[in-house]
Each structure stands twice: as C-alpha cells, then as structure tokens.
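> When you get a sec, could you give me coordinates for this:
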Amino acid sequence: MTHPSSHAAHAHPGAHHTPDSHDQVELLDLDAEVLAEHTDSITAWLPLKSAPRHILDLGCGTGTGTFALLTRFPEAQVTAVDVSASHLHRLREKAEELGVADRVRTVSADLDADWPELGRPDLVWGSASVHHMADPDRALSKVHDLLSPGGLFAVVELAGFPRFLPDDAPQERPGLEDRCHAALEHHHAEHVPHRGADWGPRLIAAGFTVEGERSITVHIEGSDDQPVGQYALSSLKRLRAGVTDTLAAEDLSALDRLLDTDSPQSILRRRDLAVRTERTVWAARRA
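This next block holds a predicted model:
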C-alpha cells in the first residue's frame, strides 16, 4: 500500500493525499521490485495451517502483496482493497500483464469509513497500511470479525523510511539523510501517530492470538542496480515533500541537488547507494 514512509510509499487505506499519484504509483512499483526477495521470505514464513483460498489485501497499493501472495498460493483468489483509483488501476493492469486477472477482485474503499462486503477470507494481509488508519484498533477488530475461524492476519511494517546514502554524504552536507529523518519524525508525529506501534498487544486486545513475530533486516547494495537508484530518487522526492517546512535551507538545497537528475550530484550518478531498513511482521490468528 506502499511509500513519506513507514513506508508512505504505501497507500493510505483511508483518506490519503499525495503530491502526485503518478509518482506514488512509480514508487510503489519500485518498492515491490527492490524488496521482492524480502516480501517473498515473509509470505514463506507465515504460520498457515493450510493454503488460503481467499486472501484479503488491505491497502493493497499497486499490488506488492497481492502478486506475491498469488504466486505463493496458486489456488488462491485475492480481494485487493485501496482508496486510490490510480493504485487499483495499476494493479488491474499488472494482473492482466501477469495473466492472473481472473484471480483478483479490486475494491475501492475508505477503510476509515464503513467497510464494504469483503467476504470471509482465510488470510488478511496488511502491509504498511494499518498505521495509516484513523482508528487502527477498530480496523483490527473488523479484520478479526471478517476472518474465517483459524484464519491468519499478517501485519507487515517497515521500521521507518528507508535510508540510501552513506553517513558522510553528500560531501557538502554530511549527515543530510539523518537530518531529513529527524525532520520526518516531526512530520509523522503530527500526521501518522500510529507509525512504529508495537502491534502485538493491540492484536491481542482485538481478540487475536499472536503466533509469530519476525524482524527482517534489509540491506540491498545498489552499486550496479538500476532499480535501487530509481527507488532512492522516488523515495527521496517523497521525503522532500514531508520535510519542506522543517529542514534547514542549506539541507533543502543539498537535497534538491541530489534530486536533480541533470545535476552532476544527482543521486542517480552515485555508486555508493544501499537500501537499508527493517521490516517486522506479526502473524495473528483468529481462534
């Protein structure tokens, strides 16, 4: 759903406003490509008692989870829910390209409002979506009541916005990314107060049994990897929109030089990029 982040590349399942929906679609697609191996490792880890037949992807974005789960479970059907028409359009395009359109149903819904009829899933996937909801505890209870008895709810979160630059970069403003993250924390504290929550106790309070929790360290070197450079560019553009009012002018200028693809200092020209973050997944079962 999904990327500024934790990961605000990912789509807000409720009312999410973005600077440019085309940019966000691109970022979500890059997010899926760069983190594909880690997403696959999460789907393989899920403590399922049997292969799910009906999967619900909440805040699906352009389909990162949807397509990973369709691949992992070839007999499954996915109901993909998002508030963004452009995300759902892109997801349907990809489903056609991959030959799985007959296995995907898309639903446009604001999950901060009334929930539509979503069937009785065996597995619910919520990646970087639950923390965006105005009342996440209500959402967890809704998921609990939707799930088939014995069904599983997977909550997946990134531990903040990914980092890309070395600590001493750029040369004229070392530590720029650290200061951007500090400014973003200020933004998130005001606008996304549930980001970084420990979902375990809240899942238990909603009636679930938490059967597993796993953290995955992400470190993907990007020296010869074109998608990592593009992912860094798209991600930092989105970060730029969240720190405009709080970052020092000199840092904004340095950031703008990194984002200028015609500049000699463009992030696309760097050979020292890496994607660094952490993902945590909670697997919670309905009794």
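> List the buried residues of stretch 247-255.
247, 251-252, 254-255 (16 or more other CB atoms under 10 Å). Backbone N, C-alpha and C define where each C-beta goes, glycine included.
> Now do it: distance to the chain's middle.
Computed by CA atoms, centre = their mean, to the nearest Å, the chain-centroid distance of stretch 247-255 equals 26 Å.
> Give me the contact list for it.
170, 172-173, 176, 179-180, 183, 236, 240, 243-244 (CB atoms under 8 Å, 6 or more residues apart in numbering).
> Mind naming the longest helix for the chain?
Ranked by number of residues, the top helix in the chain under DSSP state H is helix 226-243.
> average model confidence for it?
Averaging pLDDT along helix 226-243 yields 90.
> list the helices and strands that helix packs on?
helix 21-34, helix 176-191, helix 249-259, strand 274-285 (3 or more CB pairs under 8 Å, 6 or more residues apart in numbering; DSSP states H and E).
> List the contacts of R103.
Going by CB under 8 Å, 6+ apart, R103 touches 70, 76-78, 95.
> Work out for me the element G212 sits within.
In the assignment (DSSP states H and E), G212 maps to strand 209-221.
> ok, back up a step: select, out of the helices and strands packed on helix 226-243, the one closest to L147.
For L147, the closest of the helices and strands packed on helix 226-243 is strand 274-285, at 8.4 Å, according to CB to CB.
> and the angle from the closest one to strand 209-221?
Put simply, strand 274-285 runs at 170 degrees to strand 209-221, going by axes from the mean of the first three to the mean of the last three CA atoms, to 10 degrees.
> Against E250, how distant is R279?
Distance, R279 to E250, using CB to CB, to the nearest Å: 33 Å.
> ok, now H89?
In terms of CB to CB, H89 sits 40 Å off from E250.
> Over to S235?
For S235, the distance to E250 - CB to CB - is 21 Å.
> Helices of the stretch 1-150 of the chain, start to end?
Taking DSSP state H, counting those that start in this stretch to define them, one finds helices in the stretch 1-150 of the chain at 21-34, 36-45, 64-72, 85-98, 136-146.
> To A154, which of those lies closest?
The closest of the helices of the stretch 1-150 of the chain to A154 is helix 36-45. By CB to CB, the value is 7.4 Å.
> Next, the angle from that closest one to strand 274-285.
Counting by the same axes, to 10 degrees, helix 36-45 points 20 degrees away from the direction of strand 274-285.
> Tell me where the model's unsure across the stretch 101-250 of the chain.
Residue ranges of the stretch 101-250 of the chain with pLDDT under 70: 186-196, 223-225.
> Let's see that with 90 instead.
Along the stretch 101-250 of the chain, segments meeting pLDDT under 90 span 128-134, 157-161, 181-198, 221-226, 238, 241-242, 244-246.
> and which of the contacts of R103 is nearest V143?
Proximity of the contacts of R103 to V143, judged by CB to CB, is greatest for V78, which lies at 15.3 Å.
> Now for that closest one: which residues touch it?
V78 sits next to 55-57, 66, 69-70, 103-105 when contact means CB under 8 Å, 6+ apart.
> Can you name the residues that contact the nearest residue to S50 once chain neighbours are set aside?
Nearest residue to S50, sequence neighbours excluded (CB to CB, 6 or more residues apart in numbering): D122, at 7.9 Å. Residues near D122 by CB under 8 Å, 6+ apart: 50, 52-55, 147-148, 151-152.
> For those, name the two members farthest from one another.
Farthest pair in the contacts of D122, by CB to CB: S50 and L147, 14.0 Å.
> Would you mind telling me which of these two has the busier surroundings?
Comparing S50 with L147 by other CB atoms under 10 Å, the one with more neighbours is L147, at 23 against 7.
> That one contacts F153, correct?
Yes - in this structure, L147 is within contact of F153 by CB atoms under 8 Å, at 6.4 Å.
> which residues do those two both contact?
Common contacts of L147 and F153 (CB under 8 Å, 6+ apart): 124, 286.
> G212: which of the contacts of V78 is nearest?
Set against G212, the nearest of these by CB to CB is L69 (16.9 Å).
> what separates D198 from E75, distance-wise?
D198 is 34 Å from E75, by CB to CB.
> same deal with T277?
32 Å.
> Distance to E37 and pLDDT for the contacts of R103 - can I get that in JSON lines?
Formatted as JSON lines, the contacts of R103 follow (distance: CB to CB, whole Å; pLDDT from 0 to 100):
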{"residue": "L70", "distance to E37": "17", "pLDDT": "98"}
{"residue": "A76", "distance to E37": "21", "pLDDT": "98"}
{"residue": "Q77", "distance to E37": "25", "pLDDT": "98"}
{"residue": "V78", "distance to E37": "21", "pLDDT": "98"}
{"residue": "A95", "distance to E37": "22", "pLDDT": "98"}
